[in-house]
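**Student:** Have a look at this prediction, sequence included:
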Amino acid sequence: MRGRLGGVSATGWGTVLGFAAYGLWGFFPLYFDALKPAGAWEILAHRILWTLAFCAIVLVVTRDFRWLGPIFRNGRLLGGITLAALLIATNWVVYVAAVTSGHTSDAALGYFLNPLVTVALGVVVLGERLRFLQWTAVAIGVAAGLFLAIAGGRVPVVALTLAASFALYGLIKKKLGATLPALHGLTIETVVLAPVAAVTLVVLAQQGVLEFGRHGPLHTWLLVGSGVATALPLLCFAAAARRIPLVTIGLIQFITPIMQLLCAVLFLGEHMPTERWIGFGIVWVALVLLTVDSLLSLRGSRAEERDIPVDDCPR
């Protein structure tokens with residue numbers, strides 16, 4: 001795509017949107033920490049319902065409803081989207097619980113591990129064959145997990161749950177072969193989750209622990225704004241993915257866990273023991289290998305398209 005908008009190329013805009021998406025996700029720990037004393041389940045429920053409200057407003061403004069009928073008539077697709085929705089809800093509630101309980105660094109580790117888990121699922125579930133650097137990266141990732149478990153005296157359950165739930169979410173999307181735009185997919189997923197979210201808020205209200213509206217207008221509007229905070233980076237990401245190569249997306253995505261880790265240490269006052277830094281360092285080695293492999297693969301693909309040997313490519 002080589003079009004230009006306002007004098008900026010499509011690739012340039014895609015890069016800007018990609019940084020915007022992952023940058024916004026990187027600041028999520030500060031946003032969700034500001035929602036305390038609301039608990040993880042209340043924040044999850046608000047996030048689902050206000051995201052649905054945001055999506056509905058956009059669909060009404062754009063008069064974009066024709067796609068809804070075919071989705072609800074396709075039982076297989078709807079079932080797959082339901083499973084995907086449950087996985088992303090699990091990811092959201094675990095992430096929010098980690099942030100609001102002072103374990104943002106665990107959440108950051110989960111998103112560092114996510115690419116490695118995704119690669120492993122590709123082998124186990126899809127039967128994909130890995131290249132040497134990919135195998136090496138996965139092995140180092142496993143070693144990092146074992147090191148963190150032994151050094152920390154506990155299995156990094158939060159990090160593994162986040163990595164696994166998001167990787168499985170992506171796998172289901174791939175297996176479905178769904179071509180829904182980001183807004184449509186998010187709308188259906190929140191429609192599926194909305195009844196559970198509403199019941200959650202009712203139960204919390206009956207128990208007297210619902211925090212909505214009890215801590216001033218700023219806190220209330222931050223809870224309402226969780227819908228926009230959820231949808232906006234996703235839409236930026238979807239727009240970026242159409243404009244820039246997947247390898248570029250892969251490189252930009254590491255901004256998010258790095259920012260989350262910095263938020264944890266610099267702003268949220270979380271302590272990072274030496275063994276945790278070492279474990280993160282081992283994971284980063286694995287991610288560097290995956291990045292190098294992706295760049296080499298892209299370079300080789302471009303060379304094949306030009307029908308010239310890889311070694312003859314300009315350096």
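**Tutor:** Here it is on my side, so go on.
**Student:** I figured residue 249 hits residue 241, correct?
**Tutor:** Yes. At 6.0 Å, residue 249 and residue 241 qualify as touching, with contact defined as C-beta atoms under 8 Å. Bear in mind the C-beta positions are built from the backbone N, C-alpha and C, glycine included.
**Student:** intersection of neighbour lists for the two?
**Tutor:** Common neighbours of residue 249 and residue 241, using C-beta atoms under 8 Å, 6 or more residues apart in numbering, are residue 18.
**Student:** quick one: buried residues of stretch 249-266?
**Tutor:** Judged by neighbour count (16 or more other C-beta atoms under 10 Å), stretch 249-266 contains these buried residues: 249-261, 263-265.
**Student:** Can I get it as PDB, trimmed to CA atoms?
**Tutor:** Extracted in PDB, the C-alpha atoms of stretch 249-266 (Å, rounded to 0.1, in the frame of the first residue of the first chain):
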ATOM      1  CA  ILE A 249       4.600  -5.100  14.200                       C
ATOM      2  CA  GLY A 250       6.600  -7.800  15.900                       C
ATOM      3  CA  LEU A 251       9.400  -5.400  16.700                       C
ATOM      4  CA  ILE A 252       7.100  -2.600  17.900                       C
ATOM      5  CA  GLN A 253       5.100  -5.000  20.200                       C
ATOM      6  CA  PHE A 254       8.000  -5.200  22.700                       C
ATOM      7  CA  ILE A 255       7.400  -1.600  23.600                       C
ATOM      8  CA  THR A 256       4.400  -2.700  25.700                       C
ATOM      9  CA  PRO A 257       6.000  -5.000  28.200                       C
ATOM     10  CA  ILE A 258       9.000  -2.800  28.500                       C
ATOM     11  CA  MET A 259       6.800   0.200  29.300                       C
ATOM     12  CA  GLN A 260       4.700  -1.900  31.700                       C
ATOM     13  CA  LEU A 261       7.900  -3.000  33.500                       C
ATOM     14  CA  LEU A 262       9.100   0.600  33.700                       C
ATOM     15  CA  CYS A 263       5.700   1.700  35.100                       C
ATOM     16  CA  ALA A 264       5.900  -1.000  37.700                       C
ATOM     17  CA  VAL A 265       9.400   0.000  38.900                       C
ATOM     18  CA  LEU A 266       9.400   3.700  38.400                       C
END
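**Student:** Can you tell me what sits against that stretch?
**Tutor:** For stretch 249-266, contacts defined as C-beta under 8 Å, 6+ apart pick out 15, 18-19, 22-23, 25-30, 104-105, 107-112, 115, 240-241, 270, 272, 280, 287, 290-291, 294.
**Student:** same thing but at 6 Å, please
**Tutor:** 18, 22, 25-26, 29-30, 104-105, 108, 111-112, 270, 272, 294 (C-beta atoms under 6 Å, 6 or more residues apart in numbering).
**Student:** nearest to residue 218, of those?
**Tutor:** Closest approach between these and residue 218, by C-beta to C-beta: residue 30, at 14.1 Å.
**Student:** so is that closest one in a helix, a strand, or just coil?
**Tutor:** With DSSP: H, G, I helix; E, B strand; the rest coil as the basis, residue 30 sits in helix.
**Student:** Now do the contacts for it.
**Tutor:** residue 263.
**Student:** try residue 98
**Tutor:** Residues counted as contacts of residue 98 (C-beta under 6 Å, 6+ apart) are 106, 107, 158.
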